[in-house]
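*Asks:* sequence and predicted structure below; questions after.
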Amino acid sequence: MSDGTTTIGRSASRRSARSAWVPWAYLAPAILLYGAFLLFPLGRAAQFSLFAWDGLGASTFVGLDNYVEILDDPRLREAFWHALVLVFFYAVLPLGIGLLLASLLTRAQVRGLGFFRSVIFLPQVIAMVVVAVTWRQIYAPDGPLNGFLRMIGLGALARPWLGDYTFTLPAVGLIGTWVCTGLVTVLLMAGMSRVPRELYEAARLDGSGPVREFFAITLPMVRGEITVALTLTIVAALKTFDLVYVTTSGGPGTSTTVPSFEIYRRAFQLGEVGVATAVGVVLTLIVFAINAVVNMIGDRE
């Protein structure tokens, strides 16, 4: 009897061990593709960042010197600071505007809500190069923005917006705000539409006003959508390249240079592939760290 029980137990253990590998067998193709197209190139980039190489000739191992140059080079430090400033325009400002628009549109039960949603989301489907060219014309010294300021008697505020050292970075950032606000608003509207109406009715019976309803009910219920919106917009801010390249090319001077533009400049204009890949690795780590913090906060109960 004991031998039979032992045999049955061993068979069950073998079946359990085999079944434990079944999920990994299903995941194996995805893991292989992920490793081949993401992890392997990232590892190669980290390897290149340890060498001084012009992209064509022989390379020389320099260890962490390329990373030390990022800390020592004022232009590279400034580029990372500009990227963090753009996070405000790409993520924080659109989140505030998106919360306001989504709350108003959802609460007011506006007719043609689908049309408004499509219009708000429209900037997301326009190629960024087209957006950059359009806004470059708007910001031109003789463009519509300055023309409007002169028309309403504020001509003293008119300026070459993309040629002014003080206002160029905010001007570029506001383009990012215009692009990202629609995405954030649509995500938040989707979350708010799933909030049970009974919660609002109960809050009104308790004497709560619209502002208290927003902070007590709406905001906690769309925490997941806020996390997704911040993740997408922060990544967009930190990796922005085409917008800066088309509108200002990092100028005037270095007032709008960003890490992605510096990667392009170092690798393809200066032939410093090692430094360029080091900047890319540092940028990847910053993106990962910021979004890890955002998701940790968003997932917290």
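*Replies:* Yes, it's here. Note that this is a predicted model, so its numbers are computed, not measured. Numbers count the residues shown, from 1 in each chain.
*Asks:* what's the closest non-adjacent residue to Thr181?
*Replies:* Pro94 (4.3 Å; C-beta to C-beta, 6 or more residues apart in numbering). Every residue, glycine included, has its C-beta placed from N, CA and C.
*Asks:* give me the neighbour count for Gly55.
*Replies:* Gly55 has 13 neighbouring residues, counting by other C-beta atoms under 10 Å.
*Asks:* tell me the phi and psi of it?
*Replies:* phi 90, psi -10 (degrees, to the nearest 10).
*Asks:* any figure for the gap between it and Phe48?
*Replies:* 9 Å (C-beta to C-beta, to the nearest Å).
*Asks:* list residues touching both of these two?
*Replies:* Val273 (C-beta atoms under 8 Å, 6 or more residues apart in numbering).
*Asks:* if we can go back for a sec, need the contact list for the residue nearest to Thr181.
*Replies:* Applying C-beta under 8 Å, 6+ apart to Pro94 gives the contacts Thr177, Cys180, Thr181, Leu183, Val184, Ala229, Thr233.
*Asks:* now intersect these with the helices, please.
*Replies:* Counting by DSSP state H, these place Thr177, Cys180, Thr181, Leu183, Val184, Ala229, Thr233 in helices.
*Asks:* list just the nearest of the residues you listed to Thr256.
*Replies:* Set against Thr256, the nearest of the ones in helices among the contacts of Pro94 by C-beta to C-beta is Thr177 (15.2 Å).
*Asks:* surely the closest one and Ala91 touch.
*Replies:* No - with contact defined as C-beta atoms under 8 Å, Thr177 does not count as touching Ala91 (9.4 Å).
*Asks:* looking at the two, which is more packed in?
*Replies:* Using other C-beta under 10 Å, the more surrounded residue of Thr177 and Ala91 is Ala91, with 26 against 22.
*Asks:* skipping adjacent residues, who's closest to the more buried one in space?
*Replies:* Spatially, and ignoring its direct neighbours in sequence, Ala91 is nearest to Thr233 (3.9 Å; C-beta to C-beta, 6+ apart).
*Asks:* just Tyr264 next, same as before
*Replies:* The shortest distance from Tyr264 to any non-neighbouring residue, by C-beta to C-beta, 6+ apart, is to Phe241 (6.7 Å).
*Asks:* got a list of what that neighbour touches?
*Replies:* If you count contacts by C-beta under 8 Å, 6+ apart, then Phe241 has Val258, Ser260, Phe261, Tyr264 around it.
*Asks:* that one and Gly250: what is the separation?
*Replies:* 10 Å.
*Asks:* overlap in contacts of these two?
*Replies:* Common neighbours of Phe241 and Gly250, counting by C-beta under 8 Å, 6+ apart, are Val258, Phe261.
*Asks:* distance from the helix or strand harbouring Asn291 to the middle of the chain?
*Replies:* Applying DSSP states H and E as the criterion places Asn291 in helix 273-299. Centroid separation for helix 273-299 versus its chain: 11 Å, with C-alpha atoms, centre = their mean, to the nearest Å.
*Asks:* ditto for stretch 291-301
*Replies:* Worked out by C-alpha atoms, centre = their mean, stretch 291-301 lies 15 Å from the chain centre.
*Asks:* over to stretch 149-159?
*Replies:* 34 Å.
*Asks:* name the next helix or strand downstream of the lowest-mean-pLDDT helix or strand in the chain, please.
*Replies:* Ranked by mean pLDDT, DSSP states H and E, the helix or strand of the chain with the weakest confidence is helix 2-34, at a mean of 70. Per DSSP H and E, the first helix or strand lying C-terminal to helix 2-34 is helix 40-48.
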